[in-house]
Each structure stands twice: as C-alpha cells, then as structure tokens.
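Participant: Here is my input; please provide its structure:
(chains A and B)
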Number of protein chains: 2
Amino acid sequence: MSDQTGGTARPRIQELSQKAKAGDLIGLAQLLTLLEREGPSSFEQLPELLSPHQMAFRVGITGPPGAGKSTLIGRLIAEFRAQGKKVGVLAVDPSSPFTKGAVLGDRIRYHEHFNDPGVFIRSLGSRGSLGGLSSSAYLMVRAFDLAGFDIVLLETVGVGQTELDIMNVADWVAVVLVPESGDSIQGMKAGLLEIADTFIVNKGDRPGADTFLRELEASMHLDPRAPSVPVPIMKTTATSGEGVKDLTTKILGEASRSGAGTWRDERVGLERLQAEAKALLRAASEREIERRTKTIQSAADFIREFRIKI
Amino acid sequence: MSDQTGGTARPRIQELSQKAKAGDLIGLAQLLTLLEREGPSSFEQLPELLSPHQMAFRVGITGPPGAGKSTLIGRLIAEFRAQGKKVGVLAVDPSSPFTKGAVLGDRIRYHEHFNDPGVFIRSLGSRGSLGGLSSSAYLMVRAFDLAGFDIVLLETVGVGQTELDIMNVADWVAVVLVPESGDSIQGMKAGLLEIADTFIVNKGDRPGADTFLRELEASMHLDPRAPSVPVPIMKTTATSGEGVKDLTTKILGEASRSGAGTWRDERVGLERLQAEAKALLRAASEREIERRTKTIQSAADFIREFRIKI
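Facilitator: Numbering: from 1, shown residues only, chains lettered A, B, ... in the order given. Just a heads-up that it's a prediction; the model follows:
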C-alpha cells in the first residue's frame, strides 16, 4: 500500500531519522511531516520505528478550551528542562496557542526554549481524514522515542471521539479543569472521567477554586461512572507556577514507576496495542479507499468493484 | 472478504430475495437483516443487488427531533397508498416512534397499514460501526428496489455526519422545521442547508408559522451557504393532514421527472456513486480491520502486522 513516493521516501526518511537521533530538531520536524504524509507505510520505510530503543513517557493533557492547558505546558517544559529531561509536545487542540503558531508569544514564555535542543513542539493539524489524526499521533510519538525524548506531552481539548482516541496514545492523562467553567463531574463530557488519571484544578488562585475542588471530590463519590478508587485531584496556578513542581514530581514518579526510558512494550497493554493497530490500519485503508473510490467513474466501474473486489 | 457464513448465506440470501420480489414482506424483513449482517459482501452472494430492474425514488426526510417527521411520514404513506404506490420507510432517527417500535401507536395511525403488503417500515439501529450505518442504508434501499417499491422514505434527525451521509442515499431531501424550534437558517446545523431540496415548515397551524416561514425565506437570501436559486418552502400540518397532498404531488412530480420506476443509473451522478462506493468500501474494510486487530495479541504480532502487511 505504499504510494508512488515510496521509492524515494525510503532513503529520505532514513536520513531524517539519523538526523533526529543526532539531536537535529529540523531533521525531526521534517521526519514528522514525512510520517504524517506517508502514514502507516512509514513502518516499511523505517522498520526501526516499530521498536525504538527507548520509549518516552507520554502524558496526556486534556480539558476544555480556556482551562490554561498551554500555559501549564509552558511551565511543565521549564520544570522538566531544569531536571535535564528532553520534552516533546504534540498539540492537537485547534485553539491552542501552540497550534496557532503563537508559541513564541510572551504569555507562555516559550521563547526561553527556542534555542534549546531539548524541547520540541509540534501541532497536529486536524486534517480530518478518517482515523488520520490519531494514527499521526501514534506515528509521531514513536519518532519522539527514536529521537531520545524522555517526555511527550499530548495536548487536546478532549471533546470529540478523535480527541479521546488520541488520549489512548498517552501513558498517563491529566484532565485540566477551572473553577469558573462549572465543570463538575455531572456536567463532564462523556469519556473525560473515564480517561483521567488525575484531575488538575487550574487557576487555583481564583476565589471559587477550593469550593470547586471539594465539589469535584464529593461528586466523584456519587458518579456511577467514577472508578472505585477516586481519581486524585491536584491544584495548580499555571500563570504563577504554583503547584507545577508537585505536578512535575508526580509525572516523573509515574514515569519511573512505568519504566520509561527503556522500551517497555508491556507498559502498553494489549488494549492499547490493539487501539494503535486499529488506528493505523484504518489510516492505511482510508488511503486505499480514497484511491479505489477515485477509480470509479461509471456505474459499470461500480459493479466491477463490488462484484470482484469485496 | 466474505466471512465464515458465506458458504451457507448464498442460497439463503437468494431464497429471501425471491420471496421479497414475490411481495413477501417477512422475506424482505429477513433479507434486510441479512444484508445488515453480511455488509457489502452481500453483492457477491446476490449480484442482482448491483443492478435491480428498477429503482425506487428515494426521499430523505430530515430535521430536528420533535419536528413531526414521523407523523408526516404516516400521512405520506397514506397518500402514496391511495395512489397505488408501494412505500418503504428506513428510519435512522433513534427518537423516531418507528425506531422505538411504536409504529402501531394511535398517533400516527400506522396500524391502518399493518396488513398492507404495499407498505414496509424498517428502523436502522445505530450500531455505530464505522461507516456501517450509511452502508447498511445503501444496501437496504437496493433491496427495496429489488422488491419493486416505488418510493423509499429515509428518516433521520440530521445532526451528525452519519445522518448527513445517509441523506446522500436520497434522490430528493426535505428538511422539516417547526416554528417554535427557532431554527432560522442562521442557527441551522452545518450541512442541513446544503442538502435541502425543499424546506417544510410543519405544525403550520401554530400561531408563529407564517412569520417563521417569511423569516426563513428572507434569511435564505442573506446566507452565504444558500444556493443561488432559493430552496422552495412548503407548509404542512401533519396532525391534520393540511398541505400533505401538495407535498405528495411535489414528490411524485420529482420522481417522474427523475425517471423513477426504471433503473436509471444516470440519476445517481458520479459524486453519489463514489459516496456509495466509499461507504461500502469502508464498511468492508472495517470488518477486515476488526479481524486483523483481534489477531494482534502481543508486541511481536504488532510488528509482524505492520512490517509485512501495510
């Protein structure tokens, strides 16, 4: 199912992979673009992608727009860098300043990291092809693995099925909420509660923050969808940095507990492995379906397609 | 891609097809169930399905819940029957009384048609498999063609992409609105405006009906999404039957203009033909993807799958 570019893509993808492994971020950027374009056939061209030496710890950061996810991610980057960790970010949230290209903006002070080879930020355009977004996410985190990143942060708004699918890529998921959004457990979008490993009440300096936190805690006991062991709740104020150190410690603890830093296939259980396979198979077959659909130019073509090919 | 039942399904599907063609509605019901289960591989087992002798005129009836679509459909059935037309209904709306099995309810007086071999109603469960719902709709309308139906009414709520996809099955689409729903063109869900061949303002006896109709007319001139030739607007009161005769005449006029009653492939332009092919190919490949995903039971299986198969 490799397309016409397959012939020339192989040496190119391998060259870019070498560059990315040597710490060349422009090489990594080009590799990610190529993976997005080639889709799952990238595995043929770069079999190494199927089992990199080590695997980054993948942290999902999700929550409604305006919850301060990007500011929080900016803070987390600084903390991880202070501890010598290489950090990658994949932003899928279309409202994210990362996605909008505003990564150099003052607000999140990303420019501190602009010349830092230990930080790489990439936004994933919502190109909307069936299963395409999550399959790209799966391929890209594998490229971060190849390039020796320790942590990959995945940012989504967590509304649609695609966003929830992308959280399947993550080893650990933080759902970021804010007091004023009125997101109690009751009002929470289906799926968000199920994927949360921790809740983060951000903008914790707002007047209603503590009340909201207690309500969240209380309502979790009542919700039939909530797991039997309550999901921990942390409080941060991303703008001032309050609580971010605790969150960093928590994440690094989870990372070391899970054996991040080595390639640990067992960390990715069967369910996640199958979810990844399904997303990749779908992306591959979607390309094939597009191709076959275009060959249908008449009712006779239609009949030929379905009489023979199914 | 035929599954294990393929061997025994062929005689069964052909037997049911013979029954359906002979006017046996129980045979038709069983045929539809089999088509839903077998998916696009039904074409292999029943090649006749690829080009029936004649093609029903397919009328999409879509609009928000509570717009009175089912009551309207009940009225339309009576009108079409009075003119000797065989009428099929495929209801995809989960809130539809048809779908809920309430077809015998007093309100829509469907029981009038219970022993009438010229009426057949079927609901399409939202079984949620990728592309599955619209591919089932495509297969089922072809079965109505085989069984010699003149008109097929497709009922959806017209919200998600799936519902809009199903409207692609239709030759002609009526979008049903009600005065009190406040659905002006401005507030209309993306896609509904694009698919409407006619708007129906139902519950036309309500006080605000005429004002709403004029607003709809006016707003259509302002909306950039609106086609250059304004979409006609009709007024009905499904509960009393007011306006339903006009709608019936309109539909039958469209049907005869389009050459319904013969198999007219040219009626289905290239775009719709390709949309049908895509829905069917997706449904077929989704079955294959499910199968292949289940064979992945370890990281080694995963590597094998993507190293060789893509």
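
Participant: contacts for the helix or strand of chain A with the lowest mean pLDDT?
Facilitator: The weakest-scoring helix or strand in chain A, judged by mean pLDDT, DSSP states H and E, is helix A:161-167 (a mean of 78). Applying Cβ atoms under 8 Å, 6 or more residues apart in numbering or on different chains, the contact partners of helix A:161-167 are A:60, A:62, A:92, A:126, A:133-134, A:137, A:154, A:156-158, A:173, A:191-192, A:195, A:275, A:279. (C-beta placed from N, C-alpha, C; glycine too.)

Participant: OK, contacts around residue A:31?
Facilitator: A:13, A:16-17, A:19-20, A:143.

Participant: Just say helix, strand or coil for it.
Facilitator: Going by DSSP: H, G, I helix; E, B strand; the rest coil, the secondary structure assigned to residue A:31 is helix.

Participant: Nearest residue to it in space, please, no chain neighbours.
Facilitator: residue A:16 (4.0 Å; Cβ to Cβ, 6 or more residues apart in numbering or on different chains).

Participant: try residue A:52
Facilitator: Nearest to residue A:52 is residue A:145, by Cβ to Cβ, 6+ apart, at 3.9 Å.

Participant: Show me what from chain A comes close to chain B.
Facilitator: Contact residues, chain A versus chain B (Cβ under 8 Å from any Cβ of the partner chain): A:1-2, A:40-41, A:43-44, A:47, A:50-51, A:130, A:265, A:268, A:270, A:273-274, A:276-278, A:280-282, A:284-286, A:288-290, A:292-294, A:296-299, A:302-303, A:305-307, A:310.

Participant: Among those, name the ones in helices.
Facilitator: A:43-44, A:270, A:273-274, A:276-278, A:280-282, A:284-286, A:288-290, A:292-294, A:299, A:302-303, A:305-307 (DSSP state H).

Participant: Dead centre of chain A: give me the residue that sits there.
Facilitator: By Cα atoms, centre = their mean, the mean C-alpha position of chain A lies nearest to residue A:154, the distance being 3.0 Å.

Participant: Quick check: it touching residue A:138?
Facilitator: No: applying Cβ atoms under 8 Å, one finds residue A:154 not in contact with residue A:138, separated by 10.7 Å.

Participant: which residues do those two both contact?
Facilitator: Residues touching both residue A:154 and residue A:138 (Cβ under 8 Å, 6+ apart) are residue A:169.

Participant: returning to that earlier point: just give me how far the least confident helix or strand of chain A sits from the chain centre.
Facilitator: How far helix A:161-167 lies from its chain's middle: 9 Å, per Cα atoms, centre = their mean, to the nearest Å.

Participant: Could you list the low-confidence segments of the stretch 101-250 of chain A?
Facilitator: Scanning the stretch 101-250 of chain A for pLDDT under 70 picks out A:101-114, A:125-131, A:159, A:181-190.

Participant: for the host helix or strand of residue A:219, packing partners?
Facilitator: Assigned by DSSP states H and E, residue A:219 belongs to helix A:209-222. Counting contacts by 3 or more Cβ pairs under 8 Å, 6 or more residues apart in numbering or on different chains; DSSP states H and E, helix A:209-222 packs against strand A:198-201, strand A:233-235.

Participant: Helix or strand next in line after the last one, which one?
Facilitator: Towards the C-terminus, the helix or strand next in line after strand A:233-235, according to DSSP H and E, is helix A:244-257.

Participant: Output that next one as CSV, nothing but the C-alphas.
Facilitator: Only the C-alpha atoms of helix A:244-257 are listed here, as CSV (Å, rounded to 0.1, in the frame of the first residue of the first chain):
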residue,chain,number,x,y,z
VAL,A,244,3.5,22.9,39.0
LYS,A,245,6.5,21.5,40.8
ASP,A,246,4.2,19.0,42.6
LEU,A,247,2.7,18.0,39.3
THR,A,248,6.2,17.6,37.7
THR,A,249,7.2,15.3,40.6
LYS,A,250,4.0,13.3,40.2
ILE,A,251,4.6,12.9,36.5
LEU,A,252,8.3,11.9,36.9
GLY,A,253,7.3,9.4,39.6
GLU,A,254,4.7,7.9,37.3
ALA,A,255,7.3,7.8,34.5
SER,A,256,9.9,6.0,36.6
ARG,A,257,7.3,3.6,38.0
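
Participant: how far is that helix from where the chain is centred?
Facilitator: 18 Å.

Participant: try stretch A:14-25
Facilitator: On Cα atoms, centre = their mean, the centre of stretch A:14-25 falls 21 Å from the chain's centre.

Participant: Flag every buried residue along that stretch.
Facilitator: Buried residues in stretch A:14-25, defined by neighbour count with 16 or more other Cβ atoms under 10 Å in any protein chain shown: A:16-17, A:19-21, A:24-25.

Participant: now stretch A:287-300
Facilitator: A:287, A:289, A:292-293, A:296, A:299.

Participant: quick one: contacts for the residue nearest to residue A:31?
Facilitator: Contacts for residue A:16 (Cβ under 8 Å, 6+ apart) come out as A:27-28, A:30-31, A:34.

Participant: So residue A:59: helix, strand or coil?
Facilitator: strand.

Participant: And the residue of the stretch 51-200 of chain A closest to chain B?
Facilitator: Using Cβ to the nearest Cβ, residue A:51 is the residue of the stretch 51-200 of chain A that sits closest to chain B, at 6.4 Å.

Participant: From residue A:250, how far out is that residue?
Facilitator: Distance, residue A:51 to residue A:250, by Cβ to Cβ, to the nearest Å: 29 Å.

Participant: Give me the contact list for stretch A:276-286.
Facilitator: For stretch A:276-286, the surrounding residues in contact (Cβ under 8 Å, 6+ apart) are A:1, A:39-41, A:129-132, A:134-136, A:138-139, A:165, A:168-169, A:268, B:130, B:282, B:285-286, B:288-290, B:292-293, B:296, B:302, B:305-306, B:310.

Participant: out of those, which are buried?
Facilitator: Neighbour counting by 16+ other Cβ under 10 Å classes A:39-41, A:130-132, A:134-136, A:138-139, A:165, A:168-169, A:268, B:130, B:282, B:285-286, B:289, B:292-293, B:296, B:302, B:305-306, B:310 among these as buried.
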